[in-house]
Structures are given as C-alpha cells and as structure tokens.
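Student: quick one: sequence and predicted model below, then my questions.
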Amino acid sequence: MTRSNGNHDLFENLRLELRRGCLSLAVLSQLRTERYGYTLRKALAEQGLEIDEGTLYPLLRRLESQGLLSSEWREEEKRNKRFYRLSPEGKLMLKQLGAEWQRINSSLKEIL
Amino acid sequence: MELVDRYLQAVEFWLPKRQRQDIIAELSEDLRSQIEEQETALGRKLKDEEVEAILKRRGSPLAVASRYLPQRYLIGPTLFPLYRFVLGVLVLGCVVPRFLIWLGFVIVDPAHSGYLHMENLWTTVLYFVFFTTVTFAIMEQSGVKLGAVDCWSPRKLPPLRHPNHIPRSSSLFEIAVSVVCYLWFVRLFWPRPVIDFYGAEITLAPIWKRLFAVMVLAAAINLAIGLVNLFRPYWTRPRASLRLLSDGLGAGAFCWLLKAQVLIGISAPSLPASKAIDVTALINLCLAKTLPWAIVTTVVILCFDVYRIVHLRSFHLRGGSMRPAVNNLSNSMVSGS
C-alpha cells in the first residue's frame, strides 16, 4: 500500500466517522414531515448530503427502535411504502441535538 | 425484474427471521422506486445490465444484510486486551519452555528426546486457546464486571517502573544468599583428594579443580556486582556485561560439571562397596540427564542478560539517563514543562 493510498483510506475513515453523527441529526430533521425512505434519501441528496441506502435504512430502523421515529406501511401510487415521521421523543431529541450541533459548530468555527 | 428478486432472495437469506419480511419489503420498494425513476428518465425499460449495475452499487447481499444486524463479537473491546494477555502468557508459558527443553534434548541427548513429543505440544496449545477463548466468550456474554475496569483507583495502580532500576531489597537478598552459598560451597567442596560430604567420602575427577575455580570466580564476580548494585541501584552497560560474563562462566562450568562424569567414587560406613559403585554410576547418570534442562536454563538466563545490555544500549542511544527518571518526571509535572 502506498502512502497516498494510506492517506486516502485514512481520510475516508475519518470522513465517515465525522459524518456518522451528523447523519442521524440530518435524518431526524428531515422527518419533521412524513417521508418514505426513497424520498428521504432524495431530499437529503438535494440538500447536498448524499447517503446510500445501505446506511439510511439501518439508521432509520435504529432510530425507530430507539423510539425517536414512528413508521407505518401505507399504499401510495399502487405500492406499499413505509412512511417515517418523528415521534414526540424524536422531536425533543432533535431540539437537543440541534442545540448541541450549534454549540459544536460555533466552537469549531473559532478553533478552525 | 428477475435479477432484483434473486438479489432480494439472497439478502433475505442472511437476515434474522423476525425482521426478514419487513426489511425485504422496504428494500424491494426502494429498488423498484430507483429503477422506475431511471426508466422514466430514459423513457424505456432498463436493460439487464443497467439493473445489474444498480444492484452492484448496492453491495453484495451479505454486506447489505450485515448492516441491518447488530454489531456482535465473541470477546468485546474491553475484555480483549486481557484475553490477549492471558492467551500470550499461557501459550508462551507452555510452548517456549517445552520447545527449549526439547531442543536441549535434541542437541545434547537425542536418544531421550522422544518422551517430549512435539505433537502433544500443539494439542496442548489448542486446548489452551480453546478453553481461554470459551472462558472469555462466556465472561463477555454474561456481562461479568471486572474490578480492574469498574472499581479502579489511581492510587491502587502499580508503582512507576524503571527498567534500569534495581530494587535494594533484591540486591540485599542476592548478597545474603551469595555469601551463605559461597561459604558453604568453598568450605565443603574445596578441591582435595577426598571430600568429606556429611559423613560420606566422595572422590571427584581432576577436572573438578578447574570447574571449582571457575565457579568460585563467577560467584565472586556476582557478589561484587551485588555489592555495587546495592549502592548504585541502576544497571549500567559495564555492570550488565560483567553479569553476562559471570553468568556465562558459572552456568558453563555447571553444564560441564553435569557432562563430565565428575564423581569417581563414593564411600560411606553404611554403604557396601558394590552398592557404592552403583550409586556412583546412578548419580553420574542423573547429572548427565539433567544437562538438557541446565542448558535451557542457561540459555534463558543468558538471553535475559543480553536483552538487558541491548535494552540499556538502545535506552542510551535514545538519550535516556541510566538513572531512574522518576524524579525528572515529577519535576517536569510540577514545573508544567
């Protein structure tokens, strides 16, 4: 493995680590209005936050099992789709995480 | 859509039963939405190769399924360092001494090396690894709380180590043992035609004179090193080299003694002459059989001595002081440097 490859891999690892926490916050914020997986992914991508399906669906499941989301299967355009929305706990969590994000962001702005 | 169905079936295989249907329904819906969107954009049905490309981008069925599964491990990150340490101690403690003794027999006494079968060794190692792993896996799964992790206190941590430091207690012990053994050995085994050994008269081969001199010299050097260590309790390269020399001399002479059939005769008032010959032969045989073990012990001691010198050398090359750095550390903490 060359040094530049090693650096690239390291960057990828650190980038993924950096993104991981942000994605939960982004997903929670987008689910203030009800969406199903595919439209949620597109909405995030349109705002510059690409997220692959392999990350999004397990994340949605985890957030739901933690009580932050609720979901229901419903028919739309002749197909069954699973719609997600924030639960009351999710709304509270989003508020707290949003405040924390603002605090970290302003600190980082000073530091960087 | 056959490719999609086959893909979903392959993912389904790896999913837990309870969630299977739900996950597959959602994944299927997402895939079909993506395909439909592309078809709308292109204004035609997707070809098999295009569907294949979409599926390839999703990842292998096993990789996709694994993202839905909770992270699982046999031994978690908290217990793993302890597991590795225990395994290392057990395996090294089992493999290295036995291998060295086997090697000693192969070199010195090949005819009797057979009773240390190396095949048994690998079975023993496998048992150690298996039972240690099972024990730690059970500890992990049962959520055993370790005192070292949950109830530790900085005050109970081991004292700061310095590799070059020699505890005074160990120097004192070494000096005391050396003096007692030295006096006993010199008084009892001073080379003479017949040695009186607690009532028994033993005759030793002429080589004993030389071996005795070497052993006494080695003991004298060790005693001198012990005395210096008492007042200057840290290793230096000259002292460490001298220790290597004295250990080499002493251990070499001892191994030679075992090999040299040094006992010529033994006599005691209660021992008939015929028996005395048998006893002499038996003692010489026992001494010879001990040789491989003595060689292994010698090699271990010498390796340790050499390691000490190498360590001191590298420590010196790194610019470290030979003296313990504890005070330096404390001072730098106080001054904040």
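Tutor: Arrived safely. All values derive from a computational prediction rather than experimental measurement.
Student: contact residues of chain A facing chain B?
Tutor: Contact residues (CB under 8 Å from any CB of the partner chain) of chain A with chain B: A:36-38, A:41, A:53-55, A:57-58, A:61, A:73, A:79-82. To be clear about C-beta, it is placed using only N, CA and C from the backbone, and glycine gets the same treatment.
Student: so which of those is surrounded by the most neighbours?
Tutor: Most neighbours among the residues of chain A next to chain B, by other CB atoms under 10 Å in any protein chain shown: residue A:41, with 24 neighbours.
Student: list the contacts for that one?
Tutor: The contact partners of residue A:41, by CB atoms under 8 Å, 6 or more residues apart in numbering or on different chains, come to A:51, A:53, A:56, B:30.
Student: what ranges does chain B have for its helices?
Tutor: B:2-14, B:17-42, B:48-58, B:61-66, B:80-108, B:118-142, B:147-150, B:168-189, B:207-231, B:237-259, B:273-317, B:326-335 (DSSP state H).
Student: follow-up on the earlier one: out of the residues of chain A next to chain B, flag the one nearest to residue B:176.
Tutor: Nearest to residue B:176 among the residues of chain A next to chain B: residue A:58, at 67.8 Å, using CB to CB.
Student: okay, now the residue nearest to that closest one when sequence neighbours are not counted: neighbour count?
Tutor: Nearest non-adjacent residue to residue A:58, counting by CB to CB, 6 or more residues apart in numbering or on different chains: residue B:67, 4.5 Å away. Neighbours of residue B:67 under the rule other CB under 10 Å: 16.
Student: OK, contacts around residue B:67?
Tutor: Shown in contact with residue B:67 (CB under 8 Å, 6+ apart): A:54-55, A:57-58.
Student: before we move on, what about residue B:140?
Tutor: Counting by CB under 8 Å, 6+ apart, residue B:140 has contacts B:73-76, B:79.
Student: next one: it from chain A, what distance?
Tutor: Remark: distance between residue B:140 and chain A (CB to the nearest CB, to the nearest Å) = 22 Å.
Student: do you know the pLDDT at that residue?
Tutor: Looking at residue B:140, its pLDDT reads 87.
Student: okay, it and residue B:75: tell me how far apart.
Tutor: Per CB to CB, to the nearest Å, residue B:140 is found 5 Å from residue B:75.
Student: ok, residue 12 - how many residues close by?
Tutor: You didn't pick a chain, so chain A it is. Using other CB under 10 Å, residue A:12 has 10 other residues around it.
Student: let me rephrase: I mean chain B.
Tutor: So residue B:12, with other CB under 10 Å, has 17 neighbours.
Student: doesn't residue B:19 make contact with it?
Tutor: No: in this structure, residue B:12 is not within contact of residue B:19 by CB atoms under 8 Å, at 10.2 Å.
Student: is the residue most central in space within chain A in a helix, a strand, or coil?
Tutor: Most central in chain A under CA atoms, centre = their mean is residue A:23, positioned 2.9 Å from the mean C-alpha point. Secondary structure, DSSP: H, G, I helix; E, B strand; the rest coil: residue A:23 is helix.
Student: mind listing the strands for chain A?
Tutor: A:35-36, A:69-76, A:79-86 (DSSP state E).
Student: and the first one, how far from the chain's centre?
Tutor: Here the centre of strand A:35-36 is set off from its chain's centre by 13 Å, with CA atoms, centre = their mean, to the nearest Å.
Student: that strand pairs with which strands?
Tutor: strand A:79-86 (antiparallel) (DSSP bridges).
Student: before we move on, back to that, just the ones of the contacts of residue B:67 in helices?
Tutor: A:54-55, A:57-58.
Student: name the nearest of these relative to residue A:29.
Tutor: Nearest to residue A:29 among those is residue A:55, at 16.3 Å by CB to CB.
Student: isn't the closest one right next to residue A:26, touching?
Tutor: No: Residue A:55 is beyond contact range of residue A:26, at 11.4 Å (criterion: CB under 8 Å).
Student: count the residues that sit near residue 46.
Tutor: Because you didn't say which chain, this covers chain A. 8.
Student: wait, chain B
Tutor: 18.
Student: now do the same contact list for it.
Tutor: By CB under 8 Å, 6+ apart, residue B:46 lies in contact with B:35, B:38-39, B:54.
Student: could you do residue B:61 as well?
Tutor: Residue B:61 sits next to B:7, B:10-11, B:13-14 when contact means CB under 8 Å, 6+ apart.
Student: now the residues you listed: which count as buried?
Tutor: B:7, B:11, B:14 (16 or more other CB atoms under 10 Å in any protein chain shown).
Student: state the pLDDT value of the last one.
Tutor: This means residue B:14. Reading off the confidence values, residue B:14 has pLDDT 91.
Student: with adjacent residues omitted, what lies nearest to it?
Tutor: Distances taken as CB to CB, 6+ apart put residue B:65 closest to residue B:14, at 3.5 Å, once the chain neighbours are dropped.
Student: thought that neighbour was touching residue B:8?
Tutor: No: Residue B:65 sits out of contact with residue B:8 when judged by CB under 8 Å, with a separation of 10.7 Å.
Student: which residues are in contact with both of those two?
Tutor: Common neighbours of residue B:65 and residue B:8 (CB under 8 Å, 6+ apart) do not exist.
Student: and the closest residue in space to residue B:305 that isn't next to it in sequence, how many neighbours?
Tutor: Using CB to CB, 6+ apart and skipping the chain neighbours, the partner closest in space to residue B:305 is residue B:244 (4.0 Å). If you count neighbours by other CB under 10 Å, residue B:244 ends up with 17.
Student: now do the contacts for residue B:244.
Tutor: By CB under 8 Å, 6+ apart, the contact list for residue B:244 reads B:302, B:305-306, B:308-309.
Student: and those, which are buried?
Tutor: Buried among the contacts of residue B:244 by 16+ other CB under 10 Å: B:305, B:308-309.
Student: turn those into JSON lines, including pLDDT and distance to residue B:190.
Tutor: Converted to JSON lines, the buried ones among the contacts of residue B:244 look like this (pLDDT from 0 to 100; distance: CB to CB, whole Å):
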{"residue": "B:305", "pLDDT": "92", "distance to residue B:190": "29"}
{"residue": "B:308", "pLDDT": "89", "distance to residue B:190": "33"}
{"residue": "B:309", "pLDDT": "90", "distance to residue B:190": "34"}
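Student: can I get these in a markdown table including distance to residue B:184?
Tutor: A markdown table is the format used below for the buried ones among the contacts of residue B:244 (distance: CB to CB, whole Å):
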| residue | distance to residue B:184 |
| --- | --- |
| B:305 | 25 |
| B:308 | 28 |
| B:309 | 31 |
